[in-house]
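Trainee: My questions concern the predicted model and sequence given below.
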Amino acid sequence: MLLLTAARNPLYSFLMETDVITLFTDNDIPVTLMNRAGDSAAVVMPYVEKLPQYYEKQKTLLMTPERINRFKDWLYAQRRQLQLHVVQRLSKSIGYTFTSSGFREKDYRRVIGKFRPVSDEQWQAIFNVVSVLFRELVVGYIMKRDLDPHIGILNRRYNFGLALDVCHILEPEIDLQSIQFARAAKTKSYMIKARAGWSVSAEGMKDVVHRFENRRDQIKAAVERIIDDIFELMRELRK
């Protein structure tokens, strides 16, 4: 995650930030620019003239309703596994109930709502900021594997559709990190209320990034497994 802060000299700040951004994109790392409410202003990506290597193979996933449904079934199954893992971390008793009796999407959402210690407006700002970190990492890994980040199935015809599909699987981990941050924010000055609404303070942003970096290796491993499964699906559905 690249945090851009204004220097006393605006021109120096601009040149310094441009230098840093160019360094990232030269190494095929996308950079997301956002405000402290988690609203993405822009995504800076490496310029590539040719289509990604697996662009045509990705499109085959959209060829028939059967293939689309197969992909969605896989995506929902992956998401449920992460949901169960997160619920077990939040509450062993609820996790046991989910494991033994099963659960629906609305059951999971109810549990997450129960553990949210902040208002809906504060939660949305926190969740948006954490989501941007995940999305940036996911886009980078998709591009490294020469997939097109815009060819999504669940998020078809959306910019960064594939990245959004992967982030839908990872959303339970985003929920967990958002809850952990929200708990810390209740006793520290990590949230700011302005006329436009709630946002994360500068100190709060540091905490969000620190929390994310502490879990980076596990998140990277999860993203790599998901992308490997996507390749396996492409091979399976072409037969």
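Mentor: Perfect, thanks for sending it. Numbering: from 1, shown residues only.
Trainee: Which secondary structure element of this structure has the lowest mean pLDDT?
Mentor: Each helix and strand of the chain was given a mean pLDDT (mean pLDDT, DSSP states H and E); the minimum falls on helix 10-26 at a mean of 50.
Trainee: Surely Arg183 is in contact with Trp123?
Mentor: No. If you go by CB atoms under 8 Å, Arg183 and Trp123 don't touch, sitting 11.8 Å apart. (C-beta placed from N, C-alpha, C; glycine too.)
Trainee: and those two? which has more neighbours close in?
Mentor: Trp123 (19 against 13; other CB atoms under 10 Å).
Trainee: Contacts only, for that one.
Mentor: Residues in contact with Trp123 (CB atoms under 8 Å, 6 or more residues apart in numbering) are Arg116, Ser178, Ala182.
Trainee: Tell me which helix or strand comes right after the helix or strand harbouring it.
Mentor: Here Trp123 is covered by helix 120-144, with elements defined by DSSP states H and E. Of the helices and strands lying after helix 120-144 in sequence (DSSP H and E), the nearest is helix 161-185.
Trainee: Remind me what that following helix packs against, helices and strands.
Mentor: Contacts defined by 3 or more CB pairs under 8 Å, 6 or more residues apart in numbering; DSSP states H and E place helix 161-185 against helix 65-90, helix 105-115, helix 120-144, helix 202-214, helix 216-237.
Trainee: rerun at 7 Å
Mentor: helix 65-90, helix 120-144, helix 202-214, helix 216-237 (3 or more CB pairs under 7 Å, 6 or more residues apart in numbering; DSSP states H and E).
Trainee: Dump the last one to PDB, restricted to CA.
Mentor: Right, helix 216-237. This file holds the C-alpha atoms of helix 216-237, laid out as PDB (Å, rounded to 0.1, in the frame of the first residue of the first chain):
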ATOM      1  CA  ARG A 216       0.300 -10.200   4.100                       C
ATOM      2  CA  ASP A 217       1.900 -13.600   3.700                       C
ATOM      3  CA  GLN A 218      -1.300 -15.400   4.600                       C
ATOM      4  CA  ILE A 219      -3.300 -13.200   2.200                       C
ATOM      5  CA  LYS A 220      -0.800 -13.700  -0.600                       C
ATOM      6  CA  ALA A 221      -1.000 -17.500  -0.100                       C
ATOM      7  CA  ALA A 222      -4.800 -17.400  -0.300                       C
ATOM      8  CA  VAL A 223      -4.700 -15.300  -3.400                       C
ATOM      9  CA  GLU A 224      -2.200 -17.600  -5.100                       C
ATOM     10  CA  ARG A 225      -4.400 -20.600  -4.300                       C
ATOM     11  CA  ILE A 226      -7.500 -18.900  -5.700                       C
ATOM     12  CA  ILE A 227      -5.600 -18.000  -8.900                       C
ATOM     13  CA  ASP A 228      -4.300 -21.500  -9.200                       C
ATOM     14  CA  ASP A 229      -7.900 -22.800  -8.900                       C
ATOM     15  CA  ILE A 230      -9.000 -20.400 -11.700                       C
ATOM     16  CA  PHE A 231      -6.400 -21.900 -14.000                       C
ATOM     17  CA  GLU A 232      -7.500 -25.300 -13.100                       C
ATOM     18  CA  LEU A 233     -11.100 -24.300 -13.800                       C
ATOM     19  CA  MET A 234     -10.100 -23.000 -17.200                       C
ATOM     20  CA  ARG A 235      -8.400 -26.300 -18.100                       C
ATOM     21  CA  GLU A 236     -11.300 -28.300 -16.800                       C
ATOM     22  CA  LEU A 237     -14.000 -26.400 -18.600                       C
END
